[in-house]
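**Student:** Here is a sequence together with a model predicted from it:
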Amino acid sequence: MSIDRMVMAFAGGMILISILLSLIHSQYWLFFTAFVGANLFQAAFTGFCPLAILLKKLGMKPGMAFK
């Protein structure tokens, strides 16, 4: 699995978990959902993604987006 796919899978998982937590625990978890979405949005334009940097240092192969 490439870094690109791992970033998308991780972000999707975080969004689903935070939506579930907002239904079960507190609506304030939706702020985390917004944070993940904003981070994905800025990464699309800047190419900067902290998770991608971490995964690259851990030895995962880069995809087309994060080199």
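**Tutor:** Thanks, I have it.
**Student:** Name the residue closest to the centre of this protein, please.
**Tutor:** In the chain, the residue lying closest to the centroid (CA atoms, centre = their mean) is Ala11, at 3.0 Å.
**Student:** What are the buried residues along the helix or strand containing it?
**Tutor:** Using DSSP states H and E, Ala11 sits in helix 3-24. By neighbour count on 16 or more other CB atoms under 10 Å, the buried set for helix 3-24 is Ile3, Asp4, Met6, Val7, Ala11, Met14, Ile15, Ser18, Leu21, Ser22. (C-beta placed from N, C-alpha, C; glycine too.)
**Student:** looking at it, the residue nearest to the centre of the chain is touching Leu40, isn't it?
**Tutor:** Yes. Between Ala11 and Leu40 there is a contact under CB atoms under 8 Å: 5.5 Å.
**Student:** what's the angle between the helix or strand hosting Leu30 and helix 3-24?
**Tutor:** Here Leu30, judged by DSSP H and E, is contained in helix 29-46. Angle, helix 29-46 to helix 3-24, by axes from the mean of the first three to the mean of the last three CA atoms, to 10 degrees: 160 degrees.
**Student:** Export helix 29-46 to CSV, keeping only CA atoms.
**Tutor:** The C-alpha trace of helix 29-46 is given here as CSV (Å, rounded to 0.1, in the frame of the first residue of the first chain):
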residue,chain,number,x,y,z
TRP,A,29,-16.3,15.4,18.2
LEU,A,30,-17.5,17.0,14.9
PHE,A,31,-14.8,19.6,15.4
PHE,A,32,-12.3,16.8,14.9
THR,A,33,-14.1,15.8,11.7
ALA,A,34,-13.8,19.3,10.5
PHE,A,35,-10.1,19.3,11.4
VAL,A,36,-9.4,16.2,9.4
GLY,A,37,-11.4,17.5,6.4
ALA,A,38,-9.5,20.9,6.6
ASN,A,39,-6.2,19.0,6.7
LEU,A,40,-7.1,16.9,3.7
PHE,A,41,-8.1,20.1,1.8
GLN,A,42,-4.9,21.9,2.5
ALA,A,43,-2.8,18.8,1.7
ALA,A,44,-4.5,18.7,-1.7
PHE,A,45,-3.1,22.1,-2.6
THR,A,46,0.2,22.3,-0.7
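**Student:** Alright, calling it a day.
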